[in-house]
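Participant: the following comprises the amino acid sequence and a computationally predicted model.
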Amino acid sequence: MSGDDGALITLEKVSAGYDRKVVLRDITMSIGGKDLIGIVGPSGAGKTTMLRLLLGTMRPSAGTVVRSPGLHLAYVPQMETVNWNFPLTVVECVVTALVRGRRLPWPSRAERAAVAELLDRLSIGDVAKRHLRELSGGQQQRVFLARALITRPRLLVLDEPTSGVDARTRHDILHLLAGLRAEGISIVLTTHDLNGMAAHLPHLVCVKGSIIAQGDPRRIITPTVLEMTYGARMEVLLHLGIPLVVEAGLDAESTIVGAEL
């Protein structure tokens, strides 16, 4: 799984949980330079716990987590967890990542220019002065991507980045993440979207209390692995070289069309 630049974070036989209840057991995986990894699994499978272990906000009950010295991470939360009524404009939201903890709570001229350039790159420069609650779901997601990227992280961690967005926005986010990866940023994300998101990522980790399988989606998105992960039988079709999950009650043609990007 490690990319061109060696391991940024390695989890070795890691277990973790809450109130003496084990949520994840015997997790071994590594994140390398220029990796783009999707973590999939049902609710309660331990996806968020895995992110917390990677971010360092949670300690394992067993095993070891080794980080590259000086590794800088940035985190993009689920949009559903954000208080959109907080009185911030787009620019103000992004700037908070720069001035947090500083004595002078305002950005320099160079920082303001960097924020403006990043917002333009993410196609939200035209809404820079608008309030967060006035934005579409896709625009809100891009604001928090900007807030994370302005700190120039080596590793970007995203929790359900395509939750609640339409197919066009999902495609744009995939394209954006691929571009960030090409620039040398490693990316780890959780997703519930097997067809629209997970099947298009270069590396997947299927989780249900432990790692069920990990690797190329074309190899691990199979009926056997999906049943072990989700507890239900699912059919898988190969369409244009991409595995697509056919849900019960849907015909194959409608499922494929609905998953197109």
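Facilitator: Received, thanks.
Participant: tell me the pLDDT of residue 205.
Facilitator: Residue 205 is assigned a predicted lDDT (pLDDT) of 97.
Participant: so what's it up against?
Facilitator: 29, 37-40, 50, 211, 213-214 (Cβ atoms under 8 Å, 6 or more residues apart in numbering). Where you see a C-beta, it was placed from the backbone N, CA and C, and this is true even at glycine.
Participant: any chance of the residues you listed in TSV with pLDDT, distance to residue 173 and neighbour count as columns?
Facilitator: Below are the contacts of residue 205 laid out as TSV (pLDDT from 0 to 100; distance: Cβ to Cβ, whole Å; neighbours: other Cβ atoms under 10 Å):
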residue	pLDDT	distance to residue 173	neighbour count
29	96	23	22
37	97	15	23
38	97	12	24
39	97	16	26
40	96	16	28
50	96	20	26
211	97	25	21
213	97	24	17
214	97	22	18
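Participant: let me have those residues in CSV, extended by secondary structure.
Facilitator: Output for the contacts of residue 205, formatted as CSV (DSSP: H, G, I helix; E, B strand; the rest coil):
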residue, secondary structure
29, strand
37, strand
38, strand
39, strand
40, strand
50, helix
211, strand
213, strand
214, strand
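Participant: which one of the residues you listed is nearest to residue 130?
Facilitator: residue 38 (30.9 Å; Cβ to Cβ).
Participant: verify the stated contact: the closest one with residue 194.
Facilitator: No - with contacts counted by Cβ atoms under 8 Å, residue 38 stays clear of residue 194, the gap being 9.5 Å.
Participant: beyond the host helix or strand of residue 120, next helix or strand please.
Facilitator: In this structure, residue 120 is located in helix 109-121 according to DSSP states H and E. The first helix or strand that comes after helix 109-121 along the chain, using DSSP H and E, is helix 137-149.
Participant: so what secondary structure elements neighbour that next one?
Facilitator: strand 73-76, helix 90-99, helix 109-121, helix 167-182 (3 or more Cβ pairs under 8 Å, 6 or more residues apart in numbering; DSSP states H and E).
Participant: so who does residue 176 touch?
Facilitator: 122, 145.
Participant: distance check, it against residue 156.
Facilitator: As judged by Cβ to Cβ, to the nearest Å, residue 176 and residue 156 stand 11 Å apart.
Participant: now do residue 131
Facilitator: Between residue 131 and residue 156 the computed distance is 25 Å (Cβ to Cβ).
Participant: where in this protein is pLDDT low?
Facilitator: 1-5, 101-105, 247-261 (pLDDT under 70).
Participant: excluding chain neighbours, give the residue nearest to residue 207 in space.
Facilitator: residue 41 (3.9 Å; Cβ to Cβ, 6 or more residues apart in numbering).
Participant: give the contact list for that neighbour.
Facilitator: 47, 206-208, 212, 229-230.
Participant: then stretch 233-242 to CSV, C-alphas only?
Facilitator: Presented in CSV, the C-alpha positions along stretch 233-242 are these (Å, rounded to 0.1, in the frame of the first residue of the first chain):
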residue,chain,number,x,y,z
ARG,A,233,-25.0,-11.3,-0.4
MET,A,234,-24.4,-8.8,-3.2
GLU,A,235,-23.8,-9.4,-6.9
VAL,A,236,-20.9,-7.7,-8.7
LEU,A,237,-20.6,-6.9,-12.4
LEU,A,238,-17.6,-5.7,-14.2
HIS,A,239,-18.4,-2.7,-16.4
LEU,A,240,-15.7,-1.0,-18.4
GLY,A,241,-13.1,-2.6,-16.1
ILE,A,242,-14.8,-1.2,-13.0
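Participant: now that stretch: buried residues?
Facilitator: Residues of stretch 233-242 classed as buried: 234, 236, 239, 242 (neighbour count, 16 or more other Cβ atoms under 10 Å).
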